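[1] Attaching a predicted model along with its sequence, questions to come.
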Amino acid sequence: MTAILIRGGRLLDPVNNVDALKDVLLDGGRVAAIDAPGKIKSPGAEIIDAKGLVVAPGLVDIHVHLREPGQGYKETIASGTAAAAAGGFTSVCCMPNTTPVNDSPERTRWMLAPERGASIRVFPIAAATRGSMGESLTEYGSLKAAGAVGVTDDGKPILGEAIMREALTAAARANLPVIQHAEDTRLTGGCSMNAGPLAFRMGLRGMTVEAESGLVERDLRLLAQVKDARAHLHVAHLSTKAALDAVRRARRNGLRVTCEVAPHHFVLNEAAVEGYNTNAKMNPPLRAELDRAAMIEGILDGSVDAIATDHAPHAAHEKEQEFERAPNGITGLETALGLTLSVLHVRHRMPLSRVLSLLSAQPAAVLGLKGRGNLAVGSFADVVIFDPAKKWVFKKENSRSKSKNTPFDGWEMQGEVAITISEGRVVYKKQ
Ligand code: DOR
Ligand code: ZN
């Protein structure tokens, strides 16, 4: 691997409080040197001219569905990580709702094998219960040893109170977070969108806010009962003000709880499903405007720990069905940065360094991904180089994902990725 010298860019590293013109030398898969422009001499290094561009830690997505093993027609680890690289990501954490479910060290290692063809770093999140059936725990210690960075039954909640308490206790011992898909499915059977007047008008059954916030409150009560300081609950794709308020209260009481919000939940509201648009159907569903605005508020005031895409590819023939039959989920890896910059940075004036932190350093911290999400000398050479001012139009036919189920086709995005580098290798270059 040849060394890479990134010259003349604006280095933006939120963790290390850097926002200045710097040259960055990458060597041996790590950040080897950072200095004022023109200072680093490295004969033989490949030169990348980053003048006018931002150089930042590669983005970290702690919630993606890569669909392998078993559903390679929707996505593969190779295609999903290629899409991630095009979106500026250098680390993705993949969910265990594959076929079969990733509930074993063998399957976790299979996902990490070089034969999968990942172009960036993949961190599997393993099932919290066997087969994600919610009945008996998987083996957290050996899953962690195989490379798992968290446990979850994502797609399904861990409903039973006793098993959730056991999961929180065992995960604390292994120093892993329990990631909960907070949906009380006893209240959401047959529902395909957010509950409210729009669902009523469309003739669809709706998921209530309480189905989310009630389970978050239940989990926080259980978390408080676990007498182990390492016990950590992470709320996946939080979508309602009521659930966010519960997280805020618990944190004030000293509980170790974190949460993520997906771009679609702060960019869109339930109106996007009008016309029975299955490319705007996901779980949790797009919510009322009040909840969308509350997600923005929570991001701006620091209550939200991370932005995560919940990239959930599905094939066209699956989405082209009656609304109630179509599967939940939208792709998100190639639109996350553009949407986040458009809405948080441009519309809500959030400083670029805070936006980047929510997409790199903070998610890395939630799952304890060491050496990711920052560009200190010695950390992994995971870099995104992008033009924050450049506007471009996202076209789904240009997506690197195998699936094109996105509500953002034809949308104007702010901020274009030029180059993505994973552990010192260029894995994406804009044509
Ligand atoms: O929209 C969703 N898609 N929500 C989930 O919980 C699962 C996911 C999927 O796997 O497609
Ligand atoms: Zn998910």
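    Structure received. Residues are numbered from 1 along each chain as shown. Ligands and ions are numbered 1, 2, ... in the order given.

[2] so what pLDDT did the closest residue to Glu135 other than its chain neighbours get?
    In space, Glu135 comes closest to Thr129 once its chain neighbours are excluded; the distance is 6.1 Å by C-beta to C-beta, 6 or more residues apart in numbering. Heads up, the C-betas are built off the backbone N, CA and C, glycines and all. If you check Thr129, the pLDDT there is 98.

[3] how about the strands in the stretch 101-250 of the chain?
    If you assign secondary structure with DSSP state E, counting those that start in this stretch, the strands in the stretch 101-250 of the chain sit at 121-124, 126-127, 151-152, 178-180, 193-194, 206-207, 233-235.

[4] Distance check, the closest residue to ligand 2 within the stretch 301-431 of the chain against Val64.
    When scored by C-beta to the ion, the stretch 301-431 of the chain has Asp310 as its residue closest to ligand 2, at 4.5 Å. Taken as C-beta to C-beta, to the nearest Å, the spacing of Asp310 relative to Val64 amounts to 7 Å.

[5] give me the beta-bridge partners of Val18?
    Note on Val18: beta-bridge partners by DSSP bridges are Asp13.

[6] you'd agree it is up against Leu11?
    Yes: the pair Val18 / Leu11 is scored as a contact, 5.4 Å apart, by C-beta atoms under 8 Å.

[7] tell me, what's touching these two both at once?
    Between them, Val18 and Leu11 share these contacting residues under C-beta atoms under 8 Å, 6 or more residues apart in numbering: 34, 375.

[8] So if I had to pick from the two, which one is more boxed in?
    The residue with more neighbours, out of Val18 and Leu11 and counting by other C-beta atoms under 10 Å, is Leu11; that gives 21 against 18.

[9] ok so that one is a helix residue?
    No: if the criterion is DSSP: H, G, I helix; E, B strand; the rest coil, then Leu11 is strand and not within a helix.

[10] Not counting residues beside it along the chain, what's closest to it?
    Spatially, and ignoring its direct neighbours in sequence, Leu11 is nearest to Lys22 (4.0 Å; C-beta to C-beta, 6+ apart).

[11] who touches the one you found in this structure?
    Applying C-beta under 8 Å, 6+ apart, the residues near Lys22 are 9, 11, 34-37, 55.

[12] Any idea what it is bridged to?
    Using DSSP bridges, the bridge partners assigned to Lys22 are Gly9.

[13] quick thing: my sequence starts at 13, can you match it?
    Got it, first residue is 13 now, which makes that one Lys34.

[14] which residues does the residue nearest to Glu147 contact?
    By C-beta under 8 Å, 6+ apart, Thr141 lies in contact with 115, 147-150, 165, 170, 175, 179.

[15] What number of residues are in the vicinity of whichever residue of the stretch 163-312 of the chain sits closest to ligand 2?
    Proximity of the stretch 163-312 of the chain to ligand 2 (C-beta to the ion) peaks at Asp166, 4.6 Å away. By other C-beta under 10 Å, 23 other residues sit near Asp166.

[16] cool, and the one 3 residues further on?
    Counted with other C-beta under 10 Å, residues neighbouring Pro169 total 25.

[17] same deal with the one 5 residues further on?
    Taking other C-beta under 10 Å as the criterion, the count of residues near Ala174 is 8.

[18] Give me the packing partners of whichever strand or helix holds Thr352, helices and strands only.
    With elements taken from DSSP states H and E, the one containing Thr352 is helix 348-352. Under the contact definition 3 or more C-beta pairs under 8 Å, 6 or more residues apart in numbering; DSSP states H and E, helix 348-352 sits against strand 71-76, helix 275-279, helix 364-371, strand 395-405, strand 424-434.

[19] for the record, mean pLDDT for that helix?
    Across helix 348-352, pLDDT averages out at 98.

[20] Can you give the contact residues for it?
    Residues from elsewhere that reach helix 348-352 (C-beta under 8 Å, 6+ apart): 71, 73, 99-101, 275, 279, 319, 321, 367, 370-371, 396, 398, 404, 406, 420, 423, 425-429.

[21] cutoff 7 Å now
    Taking C-beta atoms under 7 Å, 6 or more residues apart in numbering as the criterion, the residues outside helix 348-352 that touch it are 71, 99-100, 275, 279, 319, 321, 367, 371, 406, 420, 425-427, 429.

[22] could I get that helix in PDB with only the CA atoms?
    Presented in PDB, the C-alpha positions along helix 348-352 are these (Å, rounded to 0.1, in the frame of the first residue of the first chain):
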ATOM      1  CA  ALA A 348     -27.400  10.600   4.600                       C
ATOM      2  CA  LEU A 349     -24.600  13.200   4.300                       C
ATOM      3  CA  GLY A 350     -26.400  15.300   1.700                       C
ATOM      4  CA  LEU A 351     -29.700  15.300   3.600                       C
ATOM      5  CA  THR A 352     -28.000  16.000   6.900                       C
END
